[in-house]
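>>> here is my input, please return the structure:
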Amino acid sequence: MAEFFRADKKCDRALLAAVLVITVLGMVYLYSTGAYYGQARFHDSAYYFKKQLLAVSLGLAVMAGVSCVDYHLVIRYAGLIYFLSLILSTAVLFIGQEYNGSKRWLALGPLSFQPSELAKIAVILLLAGVISRQGNKKTGLLFAVRIFLYVLPIVALVATNNLSTAIIILGIAACLIFMSNPYYMQFVGLGGAAVVLAGAFLAAESYRLERIAVWLDPENYDKGFQTIQGLYAIGSGGLFGAGLGGSMQKLGFVPEAQNDMIFSIVCEETGFFGAVFLLGVFGFLLWRLMLMSVKAPDLKGSLICAGIMIHIALQVLLNVAVVTNSIPNTGITLPFISYGGTSVVFLHGEMGIALNISRQMVHRSP
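Next up is the predicted model:
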């Protein structure tokens, strides 16, 4: 921790402040949103808050520790981290825990762990290392295909039980490839192939096509209940909201409100201006990551910051789009805000890597 406060290695304070503000907001919103279900299920209104507080405390410790480790050392073990994520994602298929119809967790004694969260940072680190080693060969369709081949195994494993995370991983890969090889025509071909594969993937399971039908007409399907109640919450919030703790929809009307639908309760309790403020803090965080990507000491640092930025941006965009019924329900959580210990620990770990890159920017500047 002494290394964390060294004067000659100060990190990007604006980024750190944004992370801390979002973390605090997440805890406040989670306590307000999860109080009803905590009391109803566990006779403790602070149940979800306490569990998340433990995860946040661990996450902040991880962020502080990782920020003191040279990111070049971290990226050296990217292949090992990626291989570990493949093993754990495979284990989910055989011994994973199922919750609400989704098998995404591995049990570690009394704790549970979601390997797909490790897969996201593993892919960012792996691609940053692979792309930076390509030298002058970062052009053409062959380069793009070669890079995509690195991530296809983890995408295939994750997509079997977590399509939204697989989409995010593919989005990260596509954006990093475009950053290093900004030519459009190759993406036209890849995009066409992706559409064909996505259509076949959706058609392979009837429940995936059902999600699209529910999205188009939620009132005619029982599974559209959550979407409709979420929209009621957003609409009833108005400009200024009902105040923290004042939500009616969280009282059993929005199922699992503390998870991927938490943004609807944020809208109901804090209104339009509260929701805009939260999204504005996310925007500021993404802006700082973008600046760090531009000013990073080397290509590896630039790609890592860009990958983290893309990860958070895609997750926020998909979550808000689902809550507002702009896209079919994908079950994606809102970063730093939704309940989920694995997610919050790895998100803070990513921020720790970004903070280390910012320290080296300061340390190496004249």
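>>> so how far is the helix or strand Leu20 falls within from its chain's centroid?
Leu20 belongs to helix 13-42 when assigned by DSSP states H and E. Computed by CA atoms, centre = their mean, to the nearest Å, the separation of helix 13-42 from the middle of its chain amounts to 16 Å.
>>> tell me the buried residues in it?
Across helix 13-42, burial judged by 16 or more other CB atoms under 10 Å covers 15-16, 18-19, 22-23, 25-38. C-beta coordinates here come from the backbone N, C-alpha and C atoms, glycine included.
>>> could you point out which element follows that helix?
Next along the chain after helix 13-42, taking DSSP H and E as the criterion, comes helix 47-66.
>>> and that following helix, what's buried?
In helix 47-66, counting by 16+ other CB under 10 Å, buried: 47-49, 51-52, 55-56, 59-60, 62-64, 66.
>>> out of these, which two sit at the greatest distance?
Tyr47 and Val66 (28.9 Å; CB to CB).
>>> right, and the helix or strand after the lowest-mean-pLDDT helix or strand in the chain?
Of all the helices and strands that make up the chain, helix 185-204 has the lowest average by mean pLDDT, DSSP states H and E, namely a mean of 65. Counting by DSSP H and E, the element after helix 185-204 in chain order, helix or strand, is helix 206-216.
>>> tell me which residues touch Ala275, please.
Going by CB atoms under 8 Å, 6 or more residues apart in numbering, Ala275 touches Gly237, Phe263, Val266, Cys267.
>>> report how many residues lie close to the third one.
Burial of Val266 is recorded as 29 neighbouring residues (other CB atoms under 10 Å).
>>> check which helix or strand covers it.
Val266 belongs to helix 262-295, assigned by DSSP H and E.
>>> the helix or strand that that helix is followed by to helix 13-42, inter-axis angle?
Next helix or strand after helix 262-295 toward the C-terminus (DSSP H and E): helix 299-323. Here helix 299-323 points in a direction 40 degrees away from that of helix 13-42 (axes from the mean of the first three to the mean of the last three CA atoms, to 10 degrees).
>>> what mean pLDDT does helix 299-323 have?
In this model, helix 299-323 has a mean pLDDT of 95.
>>> what residues sit buried inside it?
Buried-residue list, helix 299-323, by 16+ other CB under 10 Å: 299-320, 322-323.
>>> just want the angle from the following helix or strand past that helix to helix 13-42.
Once the chain leaves helix 299-323, the next helix or strand it forms, by DSSP H and E, is helix 341-364. Going by the same axes, to 10 degrees, helix 341-364 is angled at 170 degrees with respect to helix 13-42.
>>> what would helix 341-364 look like as PDB? C-alpha coordinates only.
What follows is helix 341-364, C-alpha atoms only, in PDB (Å, rounded to 0.1, in the frame of the first residue of the first chain):
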ATOM      1  CA  GLY A 341     -19.400 -10.100  -6.400                       C
ATOM      2  CA  THR A 342     -17.400 -11.700  -9.200                       C
ATOM      3  CA  SER A 343     -18.200  -8.800 -11.600                       C
ATOM      4  CA  VAL A 344     -17.300  -6.000  -9.100                       C
ATOM      5  CA  VAL A 345     -14.000  -7.600  -8.100                       C
ATOM      6  CA  PHE A 346     -12.800  -8.100 -11.700                       C
ATOM      7  CA  LEU A 347     -14.000  -4.600 -12.700                       C
ATOM      8  CA  HIS A 348     -11.900  -3.100 -10.000                       C
ATOM      9  CA  GLY A 349      -9.100  -5.300 -11.100                       C
ATOM     10  CA  GLU A 350      -9.400  -3.800 -14.600                       C
ATOM     11  CA  MET A 351      -9.300  -0.400 -13.100                       C
ATOM     12  CA  GLY A 352      -6.200  -1.300 -11.200                       C
ATOM     13  CA  ILE A 353      -4.400  -2.200 -14.500                       C
ATOM     14  CA  ALA A 354      -5.600   1.100 -16.000                       C
ATOM     15  CA  LEU A 355      -4.300   3.000 -13.000                       C
ATOM     16  CA  ASN A 356      -0.900   1.300 -13.400                       C
ATOM     17  CA  ILE A 357      -0.700   2.400 -17.000                       C
ATOM     18  CA  SER A 358      -1.500   6.000 -15.900                       C
ATOM     19  CA  ARG A 359       1.300   5.800 -13.300                       C
ATOM     20  CA  GLN A 360       3.800   4.900 -16.000                       C
ATOM     21  CA  MET A 361       2.500   7.800 -18.100                       C
ATOM     22  CA  VAL A 362       3.300  10.200 -15.300                       C
ATOM     23  CA  HIS A 363       6.500   8.500 -14.300                       C
ATOM     24  CA  ARG A 364       7.900   8.500 -17.900                       C
END
